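S.K.: structure of the sequence below:
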Amino acid sequence: MNDRAPSPRISGLHLSEVEVPPAVDGLYDLAYNLWWTWNPGARQLFSTIDTATWARYRNPVELLLHVDHNHWETLIDNDSFMAAYHQVMRDFTTYMEEPETWFRRAYPEYDSGPVAYLSTEYGIHPSLSIYSGGLGVLSGDHCKSASDLGIPFVAVGMLYRRGYFRQTIDADGFQQHFYPEYDFLRLPVRPALDRRGREVTVRVPLPGREVAVRVWLALVGRVPLLLLDTDIPGNDPADRPITGVLYVRGREMRLNQEVVLGVGAVRALTALGVEPAVWHVNEGHSALFQLERLRSAQEEHGSFEKALAAVRRNTTFTTHTPVPAGNEEFERSLARQYIEPFSRQLAVDVERLLDLGQADHGQAGQPLNLTAFALRTSSYANGVSRIHAEVSDRMWRHLAPERPADEPVVEAITNGVHMPTWLGLEMRSLLESTLGNRWESGQLEDDGWAGVSEIPDEELWNAHQQQKQRLLRFIRGRLRRQYARHGSSPSELRALEDLLDPEVLTIGFARRFATYKRAGLLFSDPHRMRALLCHRERPVQVVLAGKAHPADRPGQELVRHLYQLSQEPDLRGRVVLIEDYDIRVARHVVQGVDLWLNTPRRPLEASGTSGQKAAANGIPNLSILDGWWPEAFDGTNGWAFGTEDESVDEWKRDADDALSLYQVLEQEVVPRFYERDAEGRPTEWIRIMRRAIATVGPRFSANRMLRDYVELAYLPLSGELGTLP
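M.R.: Got it, this is the predicted structure:
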């Protein structure tokens, strides 16, 4: 039997071999394909090989490097292990070779190139630390669902040598930052090879020089993810760190990254013979790829204006935030230095190129705004929820004065999440047993999970309680290591075994600690907060996790404040703050808390997908009506609080929202959770859990999101509309 799944190729992309015993050589393909990140059977198989090493690294490449030859012999002689191996490899091969994907069934005549998707970060798994938060996780989920649906798709990003910072919190509550250096040969990535088997390197022009960029390949199921790297011999030592750190603070270094990402993406795809039919720019960081496309388009079309029209024609752009800090800008004098090489090649005034990035027509000498640049060089643009699209359309409508008033400049495609990644093991098993194959296929239908109404209360509650217990064990382990580093005594560390009560209502709040997300809103009235958390009969406990950017001093001060609250004697065990927020922490929290809290200052929450992940796990949301929640909330599947009046000042709005939050918790949420039937189950709460799963799961899945992109952007821009069934 041949257990090796074929490696997907796009114009010559392929991986080299590593040695594993022939009886289990399929593990090579499995380790280097991130399909394992959303398949429990594959992860369990790797864990079985060496439980301790897997628990330490959770990275199959690192794991396989540690396996002793004698241990392989023991494993191969183990019938249970070999049966599990063959089953996983059958599942993997079936997935990779499936000819009748959703896309192929829906659009059998499609004959154009792939969608090229550009993003500055990808959150696929903690072992590949090239993400910081929501934008990266969204990019990772986008790739996973593109793979599941069989969409022709190739993604491009950066392979950061030091990734995003790792967070520790010291004994005084101060956030500390450290940047580990990653050995790429121990990660699930390999050098991208051209048709002749040579490693691919491209060159990107920067002021006064060219920088060599090595291209790596990560496989996300059927989707190739190309990752760019300047930390290679031959580059000037000052240029090698360009791909060193995600969201580096220095402005000129950041601009170097934007040029390398954008221009390098186009040149990497060209070097590999990939001809995209559509280009999708995910946030403005990669928007400068159009400089390279303009150069080649002008050679074909003869004039700059015709070239601009040509590159616009098949480009779609997604904006993710109305917050100014999220719309990248560079001082015009600095930007000019980096744009000038392209203006000379195009024989067009550099000011003409810079003007594509003007955020306001009425002022001269403005900075280069990459959101404005992306909008002016795209033919379709979208926000990531209906409210966000409306806000963004108001922000940017002036860039297209010729557009009729009833035609938005920014449309809406609401974000979704990759369900196989974010569902807990018990909840996934429950959905599989109840819905069968419809737990996956039903994600493309609004009522595709209506069958969850058949799940008995006992089974749903037991599945949730198992996931909650796993979360509490995870938190205790994390806190034990953290407090040991702080110098806590053995008796204090042993006391953590009783920290957090599985019978107590547990609220989750985990996200970036940007100030507009208001992580401290629940704690804004100390007296009322303590009365709520420390109630003798109906107590509440809060699980917090999140990072503040190293340049965000207010966010870091909030981290310190919340940590210090968690250490106060009456709140110890009622408030916990988990350090080093990442995908693994997020998975535990969205699967195990009882209630998901979302407190942004409306309308600054573009989407906020963490609440979607929680709801799919049967965890109701308590949220401001911002981002995706107004599209989901129906009065039966969670709670809303706060004012929708955006005209009042921030201080007044924060005070009003805090008052509303306390009222909803005290009068509705807490009583509902503690109302129990004769068997000790909260029957009405379980009904809300069931409604959360049924109403959020399909409508806010990444599969539905990708279908929307295909129908609203990818197919119309590909020129394939004439082939639609």
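
S.K.: beyond the strand ranked longest in the chain, next helix or strand please.
M.R.: In the chain, with assignment by DSSP state E, the single longest strand is strand 209-220. Going down the chain from strand 209-220, the next helix or strand is strand 223-229, by DSSP states H and E.

S.K.: direction included, what does that following strand pair against?
M.R.: Strand 223-229 pairs in its sheet with strand 153-158 (parallel), strand 209-220 (antiparallel), by DSSP bridges.

S.K.: and those: which comes nearest Asp231?
M.R.: Of all these, strand 209-220 sits nearest to Asp231, with 8.2 Å by Cβ to Cβ. C-betas here are computed from N, CA, C, even on glycine.

S.K.: chain center to that closest one, what's the gap?
M.R.: On the basis of Cα atoms, centre = their mean, to the nearest Å, strand 209-220 sits 21 Å off its chain's mean C-alpha point.

S.K.: circling back to that earlier point, as CSV, the strands paired with strand 223-229 with mean neighbour count and distance to Met529 would be great.
M.R.: Below are the strands paired with strand 223-229 laid out as CSV (neighbours: other Cβ atoms under 10 Å; distance: least, Cβ to Cβ, whole Å):
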stretch, mean neighbour count, distance to Met529
strand 153-158, 27, 41
strand 209-220, 22, 42
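
S.K.: before we move on, back to that, for the longest strand of the chain, output the C-alpha coordinates as PDB.
M.R.: Extracted C-alpha coordinates of strand 209-220, given in PDB (Å, rounded to 0.1, in the frame of the first residue of the first chain):
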ATOM      1  CA  ARG A 209      20.900  48.500  -3.700                       C
ATOM      2  CA  GLU A 210      19.100  45.300  -4.400                       C
ATOM      3  CA  VAL A 211      18.300  42.800  -1.600                       C
ATOM      4  CA  ALA A 212      18.200  39.000  -2.200                       C
ATOM      5  CA  VAL A 213      15.100  37.300  -0.900                       C
ATOM      6  CA  ARG A 214      14.900  33.600  -0.300                       C
ATOM      7  CA  VAL A 215      11.600  31.900  -0.900                       C
ATOM      8  CA  TRP A 216      10.400  29.100   1.500                       C
ATOM      9  CA  LEU A 217       7.300  27.000   1.200                       C
ATOM     10  CA  ALA A 218       4.800  25.900   3.800                       C
ATOM     11  CA  LEU A 219       1.900  23.700   2.700                       C
ATOM     12  CA  VAL A 220      -1.500  24.400   4.200                       C
END
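
S.K.: give me the mean pLDDT for it.
M.R.: Average pLDDT, strand 209-220: 97.

S.K.: same check, this time on stretch 679-697
M.R.: 96.

S.K.: what does that stretch contact?
M.R.: With contacts defined as Cβ atoms under 8 Å, 6 or more residues apart in numbering, stretch 679-697 is touched by 419, 431, 442-443, 447-450, 452-453, 455, 457-458, 460-461, 464, 612, 615-621, 632, 634, 636-638, 672-677.

S.K.: tell me how the chain divides into domains.
M.R.: Domain segmentation of the chain under automatic domain parsing yields 22-97, 423-702.

S.K.: now distance to Asn282 and mean neighbour count too, for those, in CSV please.
M.R.: Formatted as CSV, the domains of the chain follow (distance: least, Cβ to Cβ, whole Å; neighbours: other Cβ atoms under 10 Å):
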stretch, distance to Asn282, mean neighbour count
domain 22-97, 18, 17
domain 423-702, 13, 19
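
S.K.: dump those into JSON lines; add distance to Ala309 as well.
M.R.: Shown next, in JSON lines, are the domains of the chain (distance: least, Cβ to Cβ, whole Å):
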{"stretch": "domain 22-97", "distance to Ala309": "37"}
{"stretch": "domain 423-702", "distance to Ala309": "29"}
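
S.K.: how about those domains, which one is nearest Leu375?
M.R.: It's domain 423-702; of these, that one is closest to Leu375 (Cβ to Cβ) at 15.6 Å.

S.K.: tell me how far the helix or strand hosting Val61 lies from the chain's centre.
M.R.: Assigned by DSSP H and E, Val61 falls within helix 60-65. Counting by Cα atoms, centre = their mean, helix 60-65 is centred 24 Å from the centre of its parent chain.

S.K.: residues in contact with that helix: which ones?
M.R.: 18, 20, 27, 30-32, 36, 46, 49-50, 53-54, 57, 127, 186-188.

S.K.: tabulate the CA atom coordinates of the strand or helix carrying Met253 in CSV.
M.R.: Met253 belongs to helix 251-271 when elements are defined using DSSP H and E. The C-alpha coordinates for helix 251-271 follow below in CSV (Å, rounded to 0.1, in the frame of the first residue of the first chain):
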residue,chain,number,x,y,z
ARG,A,251,9.3,53.3,10.6
GLU,A,252,12.0,52.9,7.9
MET,A,253,12.5,49.3,8.7
ARG,A,254,8.8,48.8,8.5
LEU,A,255,8.8,50.4,5.0
ASN,A,256,11.6,48.1,4.0
GLN,A,257,9.4,45.2,5.0
GLU,A,258,6.4,46.5,3.1
VAL,A,259,8.5,46.8,-0.1
VAL,A,260,10.1,43.4,0.3
LEU,A,261,6.7,41.7,1.0
GLY,A,262,4.9,43.4,-1.9
VAL,A,263,7.5,43.4,-4.6
GLY,A,264,9.0,40.1,-3.4
ALA,A,265,5.6,38.4,-3.6
VAL,A,266,5.2,39.2,-7.3
ARG,A,267,8.7,38.3,-8.2
ALA,A,268,8.6,35.0,-6.2
LEU,A,269,5.4,33.9,-8.0
THR,A,270,6.9,34.9,-11.4
ALA,A,271,10.0,32.9,-10.6
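
S.K.: packing partners for that helix?
M.R.: Counting contacts by 3 or more Cβ pairs under 8 Å, 6 or more residues apart in numbering; DSSP states H and E, helix 251-271 is packed against strand 115-118, strand 153-158, strand 201-206, strand 209-220, strand 223-229, helix 289-301, strand 329-330, helix 332-346.

S.K.: how big is the angle separating the second one from helix 251-271?
M.R.: Per axes from the mean of the first three to the mean of the last three Cα atoms, to 10 degrees, the angle that strand 153-158 makes with helix 251-271 is 150 degrees.

S.K.: quick one: name whatever helix or strand follows strand 153-158.
M.R.: Immediately after strand 153-158, counting by DSSP H and E, sits strand 166-169.

S.K.: put the alpha carbons of that next one into CSV.
M.R.: The C-alpha coordinates for strand 166-169 follow below in CSV (Å, rounded to 0.1, in the frame of the first residue of the first chain):
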residue,chain,number,x,y,z
ARG,A,166,6.8,36.3,23.3
GLN,A,167,5.3,37.8,26.5
THR,A,168,6.1,37.2,30.1
ILE,A,169,4.7,39.1,33.0
